[in-house]
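# 3D model of this:
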Amino acid sequence: ISALDLDAPRTDKKEPSVPDNDEAVQSNNTFLSPQDVLINVTANHDAPSVNNITLHNLISYSNVSVRVKSCGMEKCTPGIVTPIFTQSDCSPFFEVLYINMTAFEVRLTPRRYTQYQVRYCHKDDVCKTIFAPGSVSIVDLMAGTTYTVDVREGLIDANRQVILGPVARRRVSTGRDVSRRYLPPNDLVLTTQSKNNLTVLISWSFEDSAITKPEVEVTSDSDDNETVHLAGYLFSGTSDHHNFRKTFTPQVNEYRVSGLKPWTLYEIVLQPYYTFDGSLQPIYKVGKAAYAIYHSEATPPTAPASAEVLSVEDKTISMKVGDPLSWNGEPGGYWVRWETLDSLPERRGQAYFGIPETRTLGNQYMKISMDLVPGRHYVLHTS
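Okay, the predicted model is just below:
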């Protein structure tokens with residue numbers, strides 16, 4: 001195995017000529033240079049099918065190839081040559097171009113042996129990652145939002161693991177309405193329709209149906225009587241534990257939101273926005289917002305956090321049950337099921353214990369007492 005530095009300056013030392021594919025050359029190891037590695041493979045059946053060699057101290061960004069020859073009986077084949085690429089110690093250079101309200105382009109120089117990891121995040125620590133061989137367009141962004149863009153060079157090794165280089169970082173702000181002038185109240189009608197599996201279908205339309213056409217003009221109430229066109233909608237949903245944002249084109253009039261948190265109150269806000277020609281622009285005018293309140297459906301709570309037997313007296317068993325991490329609905333109470341470890345009659349039973357209205361909000365547990373047949377061994381299940 002020979003490591004060939006193709007970028008090395010030319011010297012008087014000549015590279016041995018490569019014979020034709022069907023020709024063999026004498027070995028005697030005289031052709032091996034200090035960079036060569038000889039692997040002896042015996043006829044043993046336990047010999048490894050794959051041989052691994054690690055090359056150290058390669059110059060970053062050097063153009064290096066590896067030649068592998070098969071040798072035997074004092075002769076070697078010409079072998080095969082494959083290039084390898086060493087990662088740079090420097091962070092990559094990139095530009096951010098064509099910034100508008102919902103998109104921008106990350107301009108990168110394509111390279112032959114590497115790809116780029118482009119990762120972008122906004123202030124809520126919501127991040128997305130893209131692998132690309134060169135420039136990439138980032139779309140479906142939130143208007144008026146600052147994003148942190150990280151770019152790294154990435155190599156994929158023989159085990160399909162990604163090796164990342166140093167990071168280059170920039171902050172990019174999408175376009176927003178700098179004037180904040182609101183247009184006349186062409187009211188939007190916003191409706192919500194609950195679906196299964198924590199999904200809601202949200203649809204909207206203008207009271208004036210003609211306004212939904214993207215080429216219809218809307219005149220502002222400013223002194224210059226500026227004329228603009230509908231360019232799309234700004235959509236958001238907020239709650240105590242879950243938020244989402246989207247930007248839609250004028251042709252979209254409904255959106256299905258999935259992955260909602262159970263038993264959560266969401267405020268849905270939809271705003272039309274306008275530009276001078278109806279296309280995406282860094283400066284736009286915002287119309288009157290439509291609001292809706294949606295309460296997501298309840299789901300079964302998680303398991304109780306704990307269940308502990310406090311005392312056993314005669315036939316009375318006292319327990320302490322910890323509240324689940326998430327009720328996923330209005331707290332109700334607990335089911336306690338029991339079964340005996342013997343074969344006598346009345347082996348199984350259950351009882352429901354509701355949470356008393358007098359329990360304070362600070363209590364995270366409930367005490368339960370129940371009467372069972374004495375003198376028997378029980379297994380208790382709480383839910």
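
# going forward, measure contacts between C-alpha atoms and count neighbours the same way
OK.

# okay, now the residue nearest to A231 when sequence neighbours are not counted: neighbour count?
Of all residues not flanking A231 in the chain, G278 sits nearest, at 4.3 Å (Cα to Cα, 6 or more residues apart in numbering). Number of residues near G278 (other Cα atoms under 10 Å) recorded here: 20.

# I'd like the next helix or strand past the helix or strand containing I368.
Per DSSP states H and E: I368 is located in strand 365-371. Per DSSP H and E, the first helix or strand lying C-terminal to strand 365-371 is strand 378-382.

# quick one: residues in contact with that next one.
Strand 378-382 is contacted from outside by 304, 307, 321, 334-341, using Cα atoms under 8 Å, 6 or more residues apart in numbering.

# just how off-centre is that strand within its chain?
Mean C-alpha position of strand 378-382 versus that of the full chain (Cα atoms, centre = their mean, to the nearest Å) differs by 41 Å.

# relative to that strand, what are the paired strands and their orientations?
Here strand 378-382 is paired, per DSSP bridges, with strand 333-340 (antiparallel).

# and this structure, what are its domains?
When the chain is parsed with the TED database, its domains come out as 94-177, 188-296, 304-382.

# looking at those, which is closest to I53?
Checking those against I53 by Cα to Cα gives domain 94-177 as the closest, at 12.0 Å.

# how about A168, phi and psi?
Main-chain torsions, A168, degrees, to the nearest 10: phi -120, psi 130.

# TSV for the domains of the chain, including mean pLDDT and distance to T82?
What follows is these, written out as TSV (pLDDT from 0 to 100; distance: least, Cα to Cα, whole Å):
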stretch	mean pLDDT	distance to T82
domain 94-177	82	12
domain 188-296	80	46
domain 304-382	89	56
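
# redo the ones you listed as a markdown table? Include distance to E74.
As requested, the domains of the chain are arranged in a markdown table below (distance: least, Cα to Cα, whole Å):
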| stretch | distance to E74 |
| --- | --- |
| domain 94-177 | 31 |
| domain 188-296 | 67 |
| domain 304-382 | 73 |
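
# mind listing what the closest residue to H241 other than its chain neighbours touches?
Closest residue in space to H241, ignoring its immediate chain neighbours: K261 at 7.8 Å, by Cα to Cα, 6+ apart. The contact partners of K261, taken as Cα under 8 Å, 6+ apart, are 198, 241-242, 296.

# now swap in K367 and tell me
318-321.

# mind putting those into CSV with distance to I80, secondary structure and neighbour count?
Formatted as CSV, the contacts of K367 follow (distance: Cα to Cα, whole Å; DSSP: H, G, I helix; E, B strand; the rest coil; neighbours: other Cα atoms under 10 Å):
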residue, distance to I80, secondary structure, neighbour count
S318, 78, strand, 15
M319, 74, strand, 17
K320, 72, strand, 16
V321, 70, strand, 19
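
# nearest to V189 among these?
Closest to V189, out of all of the contacts of K367 and judged by Cα to Cα, is V321, at 46.9 Å.

# what's near enough to touch the residue nearest to that closest one when sequence neighbours are not counted?
In this structure, V321 finds its nearest non-sequential neighbour in A307, 4.5 Å apart by Cα to Cα, 6+ apart. With contacts defined as Cα under 8 Å, 6+ apart, A307 is in contact with 319-322, 382.

# can you confirm A307 is in a helix?
No: assessed with DSSP: H, G, I helix; E, B strand; the rest coil, A307 is strand; it does not lie in a helix.

# roughly how far does the spatially most central residue of the chain sit from P78?
What sits nearest the mean C-alpha location of the chain, by Cα atoms, centre = their mean, is K128, with 5.3 Å. Applying Cα to Cα, to the nearest Å, the value for K128 to P78 is 47 Å.

# residues in contact with the spatially closest residue to P301 that is not a sequence neighbour?
With Cα to Cα, 6+ apart as the criterion, P301 has its nearest non-adjacent residue at 4.3 Å, and that residue is W327. W327 makes contacts with 300-302, as judged by Cα under 8 Å, 6+ apart.

# surely W327 is within a helix?
No: when three-state DSSP is applied, W327 is found to be coil, with no helix at that position.

# please report phi then psi for it.
Torsion angles, degrees, to the nearest 10, at W327: phi -70, psi -30.

# count the residues that sit near the closest residue to T199 other than its chain neighbours.
In space, and not counting its chain neighbours, T199 is closest to S258: 4.3 Å by Cα to Cα, 6+ apart. S258 sits with 13 neighbouring residues when counted by other Cα under 10 Å.

# which residues does S258 contact?
Counting by Cα under 8 Å, 6+ apart, S258 touches 197-200.

# quick one: it from Q193, how far?
With Cα to Cα as the criterion, S258 and Q193 are 12 Å apart.

# with K320 instead?
41 Å.

# before we move on, what about T299?
The gap separating T299 from Q193 is 18 Å, by Cα to Cα.

# for the closest residue in space to K315 that isn't next to it in sequence, give its distance to F131.
Nearest non-adjacent residue to K315, counting by Cα to Cα, 6+ apart: P374, 4.8 Å away. From P374 across to F131, the span is 67 Å (Cα to Cα).
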